[in-house]
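**Q** Pasted the sequence and its predicted model underneath.
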Amino acid sequence: MALKIGVVTDIHNGPDMDTRIGSQAMPMLDRFVAAMRRFQPDVIIDLGDRINDVSIEEDRARIQAVRDRLASVGPPVLFLYGNHDLINVKPEEQRRILGKKGDYESLDVKGFHLILLNSQDPTFDGVGGTISDAQLAWLQEDLQASQGPILVFCHHPLNEQDSSGHWYFGDHQAYALAVNRERARALLEGSERVRAIFHGHMHWNHVSVNNGMAYVTVESLICNGLTGGPPAGCFAEVIAEPHGAFQVEVKGALPMTFVCS
């Protein structure tokens with residue numbers, strides 16, 4: 001039976017900041033919620049950067065608002081950390097608010113093993129992200145102990161993306177991709193069971209397939225860096241068969257469809 005996942009990323013709830021139109025986050029999130037009620041996913045995954053960080057009190061309230069709105073759909077909601085999420089509200093409180101069992105975690109859903117990595121381990125310069133040695137050791141153990149096809153989720157990309165033409169990362173390329181991504185990829189490839197890895201952070205759509213694994217980066221819900229006006233309003237609907245194809249359809253002003261057998 002197919003696994004259906006709703007994916008949203010870079011919601012940036014808060015005041016408008018450069019291309020991050022945070023004032024539109026909750027209205028755009030309402031559109032996502034309505035779409036998810038039609039799509040009826042088995043699980044919803046938020047890839048991180050729920051807020052435009054301002055202060056501990058405002059950030060906490062906005063994280064809770066996003067959590068509550070996503071939870072209103074009904075199915076379980078799984079949360080990753082983005083770099084903006086942890087500026088003021090630390091991991092201990094984030095885990096309490098979001099119901100996370102750990103800063104990185106895994107679970108089994110409908111025959112798939114889902115791995116939620118933490119590329120804020122640690123964050124550097126407020127934007128860049130790292131996967132620590134300890135997390136890589138955990139990942140190796142988790143891959144060895146698990147069964148079935150695997151889907152991986154990480155805020156910062158684990159593949160190699162050319163960001164030289166990006167409006168922000170073109171001048172800040174060290175902040176674009178996860179540090180230690182090469183080591184993470186080697187572990188994932190070695191398992192021979194990883195179907196796809198999903199990312200946010202870049203505020204664009206991007207797909208590549210390397211060594212049998214699809215790397216899918218999903219555009220931000222509220223960024224207007226590529227639209228030049230209104231927020232992109234993007235999110236993804238994923239349908240994955242345990243022993244067959246999976247499909248990713250990005251909705252919004254910058255749609256994308258990707259099918260992999």
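**A** Arrived safely, thanks for sending.

**Q** Can you give me the neighbour number for Gln64?
**A** When neighbours are counted by other C-beta atoms under 10 Å, Gln64 registers 14. (Glycine included, C-beta is placed from N, CA and C.)

**Q** right, I mislabeled it, should have said Ala2
**A** Other residues within reach of Ala2, judged by other C-beta under 10 Å, total 16.

**Q** isn't it right next to Ile239, touching?
**A** Yes. Counting by C-beta atoms under 8 Å, Ala2 touches Ile239, with 5.3 Å between them.

**Q** for Thr257, what are its contacts?
**A** Gln247, Val248, Glu249, Val250 (C-beta atoms under 8 Å, 6 or more residues apart in numbering).

**Q** Specify the local secondary structure of the residue nearest to Asp103 when sequence neighbours are not counted.
**A** Residue nearest to Asp103 in three dimensions, not counting chain neighbours: Asn118, with 4.7 Å by C-beta to C-beta, 6 or more residues apart in numbering. When classified by DSSP: H, G, I helix; E, B strand; the rest coil, Asn118 comes out as coil.

**Q** same deal with Ser23?
**A** With three-state DSSP as the criterion, Ser23 reads helix.

**Q** Leaving out sequence neighbours, find the closest residue to it.
**A** Closest residue in space to Ser23, ignoring its immediate chain neighbours: Asp16 at 5.3 Å, by C-beta to C-beta, 6+ apart.

**Q** I figured the one you found was touching Gly22, is that so?
**A** Yes. Here Asp16 reaches Gly22: they are 5.6 Å apart, a contact under C-beta under 8 Å.

**Q** Mutual contacts of these two, please.
**A** Counting by C-beta under 8 Å, 6+ apart, the contacts common to Asp16 and Gly22 are Asn52.

**Q** Looking at those two, which is more packed in?
**A** Neighbour count, other C-beta under 10 Å: between Asp16 and Gly22, Gly22 has more, with 20 against 15.

**Q** For Val66, see how far away that one is.
**A** Per C-beta to C-beta, to the nearest Å, Gly22 is found 11 Å from Val66.

**Q** Need the residues touching each of these two.
**A** Counting by C-beta under 8 Å, 6+ apart, the contacts common to Gly22 and Val66 are Asn13, Ile51.

**Q** which stretches of the stretch 1-150 of the chain form helices?
**A** Taking DSSP state H, counting those that start in this stretch as the criterion, the stretch 1-150 of the chain contains helices spanning 25-39, 56-71, 91-98, 133-145.
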